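K.L.:
please work out how this folds:
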Amino acid sequence: MRAETGDALLIRGHHVGDQDRQAVILEVHGTDGAPPYLVRWDDGHESVFFPSCDASVEHVRGHERVK
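P.N.:
Coordinates of the predicted model:
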């Protein structure tokens, strides 16, 4: 997984009825865009995050998200 500051993360719910979570990448702590990432979740909470296989990155170019 590769990401840049400003990209969005989408984490799919694990069980039926679980909501998806979204976050914005504030800092990239790995080499060449690799995790871990400092993120701000959609509820305003910030944390260091190591994505797993249920996460996807939406790259942001200018003001547009590119999947």
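
K.L.:
could you use CA atoms for every contact and neighbour count after this?
P.N.:
Will do.

K.L.:
from His29, how far out is the residue in the chain sticking out farthest from the centre?
P.N.:
Going by C-alpha atoms, centre = their mean, the residue of the chain most distant from its centre is Val16, 21.3 Å out. Using C-alpha to C-alpha, to the nearest Å, Val16 is found at 32 Å from His29.

K.L.:
what about this protein, any weak spots by pLDDT?
P.N.:
62-67 (pLDDT under 70).

K.L.:
what about Leu9, how many neighbours?
P.N.:
Look at Leu9: counted by other C-alpha atoms under 10 Å, it has 21 neighbours.

K.L.:
doesn't Glu58 make contact with it?
P.N.:
Yes: with contact defined as C-alpha atoms under 8 Å, Leu9 counts as touching Glu58 (6.3 Å).

K.L.:
who's the most centrally placed residue in the chain bridged to?
P.N.:
Geometric centre of the chain, nearest residue: Leu9, 2.3 Å, by C-alpha atoms, centre = their mean. Under the criterion DSSP bridges, Leu9 forms beta bridges with Ala23, Val57.

K.L.:
just Arg40 next, same as before
P.N.:
Val24, Glu46.

K.L.:
wait, it touches Leu26, no?
P.N.:
Yes: using C-alpha under 8 Å, Arg40 is in contact with Leu26, at 6.9 Å.

K.L.:
residues that sit against both of those two, list them.
P.N.:
Common neighbours of Arg40 and Leu26 are not found (criterion: C-alpha atoms under 8 Å, 6 or more residues apart in numbering).
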